[in-house]
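[1] Build me a model:
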Amino acid sequence: MNNTIISDCQRGCRKRKNERNEWDVEKSDSCCKLSVHDWYKNIPASFDFHNIFEIRFKNTHKGFFKNVNELPLQIGDIVTVESSSGHDVGIISLGGPLALHQMARHNIQIENFEFKKIYRKAKPYDIEKWQEAIAREHATMIQSRQISAALNLI
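    Here you go, the predicted structure:
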């Protein structure tokens, strides 16, 4: 078994193969351009919004989701969520009152916002498929640029 740790600085996580030859992925606080520090984590909230989370995807965008299943989640957990194309995998970046402050900062009205759901913590199969997709991204980007250049689109 290869126990080498591979850091993915593009997504803010570290991975290593476990004894079942599956990827174990954990949050890394370094190298992540969209990481957030939770200034409220030790301050008791005056209101209970423990089921609202901000989730980071591919280190390029974030979204707000609701934990409708009351799962025990925390910042850094890798979760499978509802998306327009079925489901997606992301990393929890904020929760509770700080997520609400981020929503207000982006002019999102919590009363009118239609939250998508957090389905579950990501299973090893989800993480493996996620890592496979990440591995194909660079080659796909290069190929699409070559096609665009050949068609004089850029």
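
[2] Can you spell out which helices and strands pack onto the top strand by length along the chain?
    Using DSSP state E, we find that the single longest strand of the chain is strand 86-95. Here strand 86-95 is seen to pack against strand 52-57, strand 78-83, helix 124-150 when contacts are counted using 3 or more Cβ pairs under 8 Å, 6 or more residues apart in numbering; DSSP states H and E. C-beta here means a position set from N, CA and C on the backbone, and glycine is covered the same way.

[3] change it to 10 Å
    strand 23-27, strand 52-57, strand 61-66, strand 78-83, helix 97-105, strand 116-121, helix 124-150 (3 or more Cβ pairs under 10 Å, 6 or more residues apart in numbering; DSSP states H and E).

[4] in the last one, what counts as buried?
    Judged by neighbour count using 16 or more other Cβ atoms under 10 Å, the buried positions of helix 124-150 are Asp126, Ile127, Trp130, Gln131.

[5] tell me what that helix is packed against?
    Going by 3+ Cβ pairs under 10 Å, 6+ apart, helix 124-150 lies up against strand 6-8, strand 13-17, strand 23-27, strand 78-83, strand 86-95, strand 116-121.

[6] Name the residues of the last one that are buried.
    Same thing as strand 116-121. Lys116, Ile118, Tyr119.

[7] Make CSV out of the helices and strands packed on strand 86-95 and add mean pLDDT and distance to Pro72.
    Listed next are those as CSV, based on pLDDT from 0 to 100; distance: least, Cβ to Cβ, whole Å:
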stretch, mean pLDDT, distance to Pro72
strand 23-27, 69, 16
strand 52-57, 92, 12
strand 61-66, 91, 15
strand 78-83, 93, 12
helix 97-105, 85, 17
strand 116-121, 94, 9
helix 124-150, 90, 18
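
[8] My guess is Gly96 contacts His50. True?
    Yes. Checked against Cβ atoms under 10 Å, the pair Gly96 and His50 is within contact range at 5.6 Å.

[9] out of the two, which sits in the more crowded spot?
    Gly96 (20 against 14; other Cβ atoms under 10 Å).

[10] quick one, phi/psi of the more buried one?
    phi 70, psi -140 (degrees, to the nearest 10).

[11] now Asn69
    phi -90, psi 0.

[12] who's in contact with it?
    Asn69 makes contact with Asn51, Lys117, Ile118, Tyr119, Arg120, according to Cβ atoms under 10 Å, 6 or more residues apart in numbering.
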